[in-house]
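S.K.: Here's a sequence, model it:
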Amino acid sequence: MCGICGVLNFDRRQPVDEQALTTMRETLVHRGPDGFGNVVFGHVGLGHRRLSIVDVAGGHQPMSNEDRTVWVVFNGEIYNHAELRRSLLERGHDFRTRSDTEAILHLFEEKGDDFVQDLQGMFALAIYDLRRDRLLLARDRIGIKPLYYRLSREGLLFGSEIKAILAAPGVRAEVNWSRVPHLLRYGTVYGPESLFAGILELSPGHLLIVEGNAATIRRYWDLPQGPEVSDSEDEAQDRIEELLRRSIRRRLMSDVPIGVFLSGGLDSSLIVALMARLVDAPVKTFSIGFRDAGYNEFDFSREVAARFRTDHLEVLLDADRFFEALSGLIWYHDEPIALPASVPLFFLSRETKGRATVVLTGEGADELFLGYERYLWLARHARIAAQFQRLCPPLARAPLVRLARMALGPERMLLDRLLLDAGDIAASFHQYVEPWALPPLAGGELTTNGAASDASADAFRAAPLERDVLARATYMEFKTFLQALLMKQDKMSMAASIESRVPFLDHELVEYAFRLPTRFKLVGDVGKSVLKKVAARHLPERLVHRAKLGFPVPLTRWLDRPVTRRWFEEILLDPSTLSRGLFDRGWIEARLRRDRRGSDARGVLRSSYLIWNLVNFELWQRSFIDSGLATRPSGFGPVEASGAGATDARRFESGPGPA
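M.R.: Numbering: from 1, shown residues only. Prediction:
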């Protein structure tokens, strides 16, 4: 796990300023505190920060082939590098290290751009071919590792995080105003555009190639087209367990301590159960919860820890620590924090550092196996909307919905969706806030109702047409919401200099599970049915079939605390905030007052998340837009502090239990 960055000037007479390259690189020190390096070839420069995981003594980057004509900087892990090495040795390649980085180099020499097809793992990398003066960027199939770039008339800048690009000379941090309406609706920005003007994210499963003064982007992988698998449900259970076990075994590749983030939910508990049978020493497990009653799952994580005799650590977080950290974590995240769970994830990661450098997590299982309750509602609402549109003449539809709103009130989810197609209905389940509930933005130059494109709806429409609505929703999730989860996982763990791995997102498991029929995944009102049947082979029924909590953060409850409310009011009603002219003071005050009412639970929740989005957007502007590239926050981050006192962490003695 590392941080990478680089520069390519289109003017071959313009050499890269190595000091400027170093400045870019050092914004990523948290991603790689164990080593660093640069290489410059006139108009091209590559920078690297290293977190040592495999071949700690070797594996330094940038790394070259034998004759120093091909160079690579690489962030991630290639889990099949040992098999690749054997094959490449047979073809006559010489290896100087045990690192997976060197396998990438020789595979590129052997297969050219098609080398990515043979990689099993997570990666964001850049390869510069000195002989051809050709730069290639590649990102893994699922998008587990981030990679951003800025393409201009002068050339290309790239980095593992946006802040590396912002540190380059001549780059100014500016808001990408066309995406602000989406930020307010979804809490984040989906698709290749970032919230920074001119800075893009290389999409998962894509290459970016620069030759001469031309850049081309091409996709090398996507979720599979074609028919559903023909396996029986019993065969599917066996195949899923086999693929997941293989995935976990691959992700045990490490020369440093490894553990599991254990929430007590189905996905992480199943990982612990399978991992415990693959290792000799006790599995290291780590859990976090809140002091507020009902907002931790320690009873369940303790049961798993006891059952599999893990070396277990619990971390407790309170509201004060949560909000104190928010401004600093926005710096690490690069963009406003969409998911409140990002904050406890950072504290858990920081307490993990020193006990484990690599952790396995359960991301991706809910999206792949239909684990969220929203999938059930999506299927129902899409069916009802299709029936309504089939039976009701087009000219009568909108008037009927308006009458229903007047009779029933505007806050009826189904009414919001009766006029939508399946893609827009699916996208609406990603929204924190419905479009009609968003604030009017200053001057009318931004509209909150449907900007030119909605990445969620577009992704749904790009899904295989022969699949049902929930299979297409899975495709959409992998292109949108799952990306937000993965960036949360990557950036908050890397802020604490630890590496996270996601066994459920091994591409072989993803390809198989995506082609499973929906009837294996959603049975009646029960999601993840086939995965639960696999888990039942290893976990007690109480853990398999318990209600899903989804790691809730007590955000709405905390907004009732006078100290939290005052802090939010100070941010949103601060003269510097209001001077931006984006939002009306009266509108903000009305939203803050609404949270004091308890009669409309859904309205309060929506208003709470809208306030959360607005506060994050303002803090982000203060960090990046007002002052240029903000300096690294002091006082919390493994580079500056050990984390002592930040949270209440205690080791849990699991005692004997069934193996």
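
S.K.: any idea which helix is longest in the protein?
M.R.: helix 601-620 (DSSP state H).

S.K.: Are there helices or strands packed against that helix, and which ones?
M.R.: With contacts taken as 3 or more Cβ pairs under 8 Å, 6 or more residues apart in numbering; DSSP states H and E, helix 601-620 sits against helix 180-186, helix 319-333, helix 555-558, helix 562-572, helix 585-594. For the C-beta atoms, the positions are set from N, CA and C on the backbone; glycine is no exception.

S.K.: now the second one: mean pLDDT?
M.R.: Right, helix 319-333. In this model, helix 319-333 has a mean pLDDT of 92.

S.K.: Can you spell out which helices and strands pack onto it?
M.R.: helix 342-352, helix 481-495, helix 555-558, helix 562-572, helix 601-620.

S.K.: okay, it in PDB with CA atoms only?
M.R.: What follows is helix 319-333, C-alpha atoms only, in PDB (Å, rounded to 0.1, in the frame of the first residue of the first chain):
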ATOM      1  CA  ALA A 319     -19.600  12.800  20.000                       C
ATOM      2  CA  ASP A 320     -16.900  15.300  21.100                       C
ATOM      3  CA  ARG A 321     -14.100  13.300  19.500                       C
ATOM      4  CA  PHE A 322     -16.200  12.700  16.500                       C
ATOM      5  CA  PHE A 323     -16.800  16.300  15.700                       C
ATOM      6  CA  GLU A 324     -13.300  17.500  16.800                       C
ATOM      7  CA  ALA A 325     -11.900  15.300  14.100                       C
ATOM      8  CA  LEU A 326     -14.200  16.200  11.200                       C
ATOM      9  CA  SER A 327     -12.200  19.200   9.800                       C
ATOM     10  CA  GLY A 328      -9.000  17.300   9.800                       C
ATOM     11  CA  LEU A 329     -10.500  14.200   8.200                       C
ATOM     12  CA  ILE A 330     -11.800  16.200   5.300                       C
ATOM     13  CA  TRP A 331      -8.200  17.000   4.500                       C
ATOM     14  CA  TYR A 332      -7.400  13.300   4.300                       C
ATOM     15  CA  HIS A 333     -10.500  12.600   2.300                       C
END
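
S.K.: still on that earlier bit, list the buried residues for the longest helix of the chain?
M.R.: With burial defined by 16 or more other Cβ atoms under 10 Å, the residues of helix 601-620 counted as buried are 603-604, 606-620.

S.K.: The helices and strands packed on helix 319-333 into CSV, with extra columns for distance to residue 519 and mean pLDDT?
M.R.: As requested, the helices and strands packed on helix 319-333 are exported to CSV (distance: least, Cβ to Cβ, whole Å; pLDDT from 0 to 100):
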stretch, distance to residue 519, mean pLDDT
helix 342-352, 34, 95
helix 481-495, 22, 96
helix 555-558, 36, 82
helix 562-572, 45, 89
helix 601-620, 31, 78
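
S.K.: Check whether residue 175 really touches residue 196, as I assumed.
M.R.: Yes. Residue 175 lies in contact with residue 196 (Cβ atoms under 8 Å); the separation is 7.5 Å.

S.K.: who's more crowded, those two?
M.R.: Set residue 175 next to residue 196 and count neighbours by other Cβ atoms under 10 Å: residue 196 wins out with 26 against 18.

S.K.: So residue 507 versus residue 153, what's the distance?
M.R.: Remark: distance between residue 507 and residue 153 (Cβ to Cβ, to the nearest Å) = 36 Å.

S.K.: so who does the spatially most central residue of the chain touch?
M.R.: Nearest residue to the geometric centre of the chain (Cα atoms, centre = their mean): residue 486, 1.9 Å. Residues near residue 486 by Cβ atoms under 8 Å, 6 or more residues apart in numbering: 142, 143, 144, 363, 502.

S.K.: Redo these as a markdown table? Include neighbour count.
M.R.: Converted to a markdown table, the contacts of residue 486 look like this (neighbours: other Cβ atoms under 10 Å):
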| residue | neighbour count |
| --- | --- |
| 142 | 23 |
| 143 | 24 |
| 144 | 26 |
| 363 | 25 |
| 502 | 24 |
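
S.K.: Please flag which of those residues sit within strands.
M.R.: Assignment to strands by DSSP state E places none of the contacts of residue 486 there.

S.K.: I'd like those residues laid out as a markdown table, including pLDDT and distance to residue 277.
M.R.: A markdown table is the format used below for the contacts of residue 486 (pLDDT from 0 to 100; distance: Cβ to Cβ, whole Å):
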| residue | pLDDT | distance to residue 277 |
| --- | --- | --- |
| 142 | 98 | 26 |
| 143 | 97 | 30 |
| 144 | 98 | 25 |
| 363 | 96 | 22 |
| 502 | 98 | 20 |
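
S.K.: from the residues you listed, which ones fall inside helices?
M.R.: Taking DSSP H, every one of the contacts of residue 486 sits outside helices.

S.K.: JSON lines for those, including distance to residue 200?
M.R.: Listed next are the contacts of residue 486 as JSON lines, based on distance: Cβ to Cβ, whole Å:
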{"residue": "142", "distance to residue 200": "18"}
{"residue": "143", "distance to residue 200": "14"}
{"residue": "144", "distance to residue 200": "18"}
{"residue": "363", "distance to residue 200": "23"}
{"residue": "502", "distance to residue 200": "24"}
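
S.K.: Among these, which one sits closest to residue 560?
M.R.: Closest to residue 560 out of the contacts of residue 486 is residue 363 (30.7 Å), distances taken as Cβ to Cβ.

S.K.: I'd assumed residue 482 was in contact with that closest one.
M.R.: Yes. Taking Cβ under 8 Å as the definition, residue 363 is a contact partner of residue 482 at 7.5 Å.

S.K.: what about residue 5, which SS state?
M.R.: With DSSP: H, G, I helix; E, B strand; the rest coil as the basis, the three-state label of residue 5 is strand.

S.K.: who touches it in this structure?
M.R.: Here residue 5 is in contact with 21, 24-25, 28, 46-48, 73, 157-160, 164-165 (Cβ under 8 Å, 6+ apart).

S.K.: pLDDT score assigned to it?
M.R.: Reported pLDDT for residue 5: 98.

S.K.: so it bridges to which residues?
M.R.: For residue 5, the beta-bridge partners are residue 47, residue 159 (DSSP bridges).

S.K.: Repeat that for the one 4 residues further on.
M.R.: In this structure, residue 9 has the following beta-bridge partners (DSSP bridges): residue 155.
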